[in-house]
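**Student:** Model the following, please.
(one chain, ligands or ions: 1)
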Amino acid sequence: MIKEDDRPESKVDLTGRSAIVTGAGSGIGRAIALTLARSGAEVMVNDIIGDRANETVAMIAAAGCKAAANVSDIADENAVAGFVGDAMAHWGKIDILCNNAGIMDKIEFVEDVSTELWNRVFAVNVTGQFFVMRAVLPHMRAARKGAIVNTVSEAGLRGGAAGATYVAAKHALAGLTKSVAWSHANEGIRCNGICPGAIETNITGGLGLEAFDPRGLARAGPVMALCERAAGPQAIANAALFLASDAAYYINGVMLPVDGGWMAG
Ligand SMILES: NC(=O)c1ccc[n+]([C@@H]2O[C@H](COP(=O)([O-])OP(=O)(O)OC[C@H]3O[C@@H](n4cnc5c(N)ncnc54)[C@H](O)[C@@H]3O)[C@@H](O)[C@H]2O)c1
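**Tutor:** Residues are numbered from 1 along each chain as shown. Below is the predicted model of the structure:
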């Protein structure tokens with residue numbers, strides 16, 4: 001039997017396109033990078049962990065497709081300016097940005113959140129995504145062409161899907177996505193968000209639900225339980241491929257739930 005996530009993705013042709021995928025050393029970002037590359041795009045595989053980025057590049061190369069690794073923290077604005085500059089020097093254009101890197105909170109109530117955790121979650125999930133778009137957008141505007149796909153979350157749509165910090169950060173990212181979509185809609189640029197449901201990745205650091213605060217988890221649990229089934233990262237990569245492709249030419253500024261129906265409940 002073919003497992004759901006082993007189904008071949010659709011045959012979208014991205015030959016000649018260049019793409020940056022952040023947080024592409026694991027989970028959703030890796031699946032997006034592989035899928036874009038298999039569809040013909042050349043991919044810059046960014047991750048903060050070098051081994052992970054290199055492994056994704058090796059997987060793409062093994063599939064006979066093109067990628068290069070970039071090891072940097074998207075929350076470091078100089079590093080972001082550097083890798084976007086490198087991408088421009090190499091390709092002369094950036095067609096697709098999948099702004100995907102992100103980290104969880106501990107599903108804590110506001111009163112329990114440390115300033116350090118709050119700042120880091122916002123640094124990666126909002127400010128880092130802003131840094132990458134700020135660096136990429138002038139090039140897309142000059143080309144009057146570009147597709148940005150931000151990995152948001154169900155927690156960007158509802159309050160009970162994670163802890164206060166992650167929910168606040170993902171709502172901010174949803175707002176940023178819509179603002180970019182509207183600001184540049186008349187310049188050939190589209191910017192959309194994907195809101196994954198429960199996707200099997202490394203985001204909890206292999207700790208599963210034990211990584212989370214029991215009080216916050218008890219409150220978020222019933223909302224999470226509405227998501228009846230988890231999926232693999234390919235479910236999100238398929239949606240990213242569509243939104244990044246010309247087939248989505250009239251789709252701009254949406255927050256697309258990819259969640260097996262969770263948001264509908
Ligand atoms: N897994 C889910 O159920 C789920 C649900 C909703 C949204 N998301 C979002 O999906 C995105 C990808 O998460 P995932 O589930 O694939 O997790 P993951 O931990 O498997 O992958 C995330 C990758 O991002 C990298 N990363 C972390 N911080 C970084 C930084 N500052 N700069 C560059 N790279 C960095 C990590 O090293 C890792 O390889 C995140 O934005 C996350 O919030 C995930």
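**Student:** Could you pull up the contacting residues of the residue nearest to the spatial centre of the chain?
**Tutor:** The C-alpha lying nearest the average C-alpha coordinate of the chain belongs to residue 100 (CA atoms, centre = their mean; 2.1 Å). Counting by CB atoms under 8 Å, 6 or more residues apart in numbering, residue 100 touches 21, 22, 23, 24, 28, 29, 32, 149, 150, 151. C-beta here means a position set from N, CA and C on the backbone, and glycine is covered the same way.
**Student:** neighbour-wise, which of these leads?
**Tutor:** Per-residue neighbour counts (other CB atoms under 10 Å) across the contacts of residue 100 peak at residue 21, which has 37 neighbours.
**Student:** and that one, what does it touch?
**Tutor:** Applying CB under 8 Å, 6+ apart, we find residue 21 in contact with 29, 32, 33, 36, 43, 44, 45, 46, 98, 100.
**Student:** repeat for residue 201
**Tutor:** Contact partners of residue 201, counting by CB under 8 Å, 6+ apart, are 26, 27, 28, 233.
**Student:** wait, is it part of a strand?
**Tutor:** No - Residue 201 sits outside any strand when classified using DSSP: H, G, I helix; E, B strand; the rest coil, being coil.
**Student:** List phi and psi for it.
**Tutor:** In this entry, residue 201 is assigned phi and psi values of phi -140, psi -170 (degrees, to the nearest 10).
**Student:** Following the chain onward from the helix or strand of the chain with the lowest mean pLDDT, which element is next?
**Tutor:** One helix or strand of the chain scores below all others by mean pLDDT, DSSP states H and E: helix 214-225, with a mean of 93. Read in the C-terminal direction, the helix or strand following helix 214-225 is helix 234-244, with elements assigned using DSSP states H and E.
**Student:** Now do that following helix: everything it contacts.
**Tutor:** Residues outside helix 234-244 that contact it (CB under 8 Å, 6+ apart): 4-7, 9-10, 12, 14, 19, 28, 31-32, 34-36, 39, 96, 98, 147, 149, 151, 190, 192, 194, 196, 199, 248, 251, 256, 258.
**Student:** That one: what's the following helix or strand?
**Tutor:** Read in the C-terminal direction, the helix or strand following helix 234-244 is strand 255-258, with elements assigned using DSSP H and E.
**Student:** Now tell me what touches stretch 139-150 from outside.
**Tutor:** Under the contact criterion CB under 8 Å, 6+ apart, stretch 139-150 has outside partners 32, 84, 88, 93-100, 129, 133, 136-137, 173, 176-177, 180, 184, 187-194, 240, 243-245, 248.
**Student:** Return the set of buried residues in it.
**Tutor:** By neighbour count, with 16 or more other CB atoms under 10 Å as the criterion, the buried positions of stretch 139-150 are 139, 140, 145, 146, 147, 148, 149, 150.
**Student:** what's the first-to-last distance across it?
**Tutor:** End-to-end distance of stretch 139-150 (CA to CA, to the nearest Å): 18 Å.
**Student:** Near the ligand, which residues of the stretch 151-265 of the chain? Just list them.
**Tutor:** Proximity of the stretch 151-265 of the chain to the ligand is confined to 151, 153, 196, 198, 199, 201, 202, 203 under the rule CB under 6 Å from any ligand atom.
**Student:** Quick check: beta-bridge partners of the third one?
**Tutor:** When bridges are called by DSSP bridges, residue 196 pairs up with residue 258.
**Student:** Now do it against residue 90, distance only.
**Tutor:** Note on residue 196: its distance to residue 90, by CB to CB, to the nearest Å, is 30 Å.
**Student:** same deal with the fourth one?
**Tutor:** Computed as CB to CB, the residue 198 to residue 90 distance reads 36 Å.
**Student:** who's more crowded, the two?
**Tutor:** The residue with more neighbours, out of residue 198 and residue 90 and counting by other CB under 10 Å, is residue 198; that gives 16 against 13.
**Student:** got the contact list for the nearest residue to the more buried one once chain neighbours are set aside?
**Tutor:** Excluding the flanking residues, the one nearest residue 198 by CB to CB, 6 or more residues apart in numbering is residue 230, at 4.1 Å. Counting by CB under 8 Å, 6+ apart, residue 230 makes contact with 197, 198, 199, 200.
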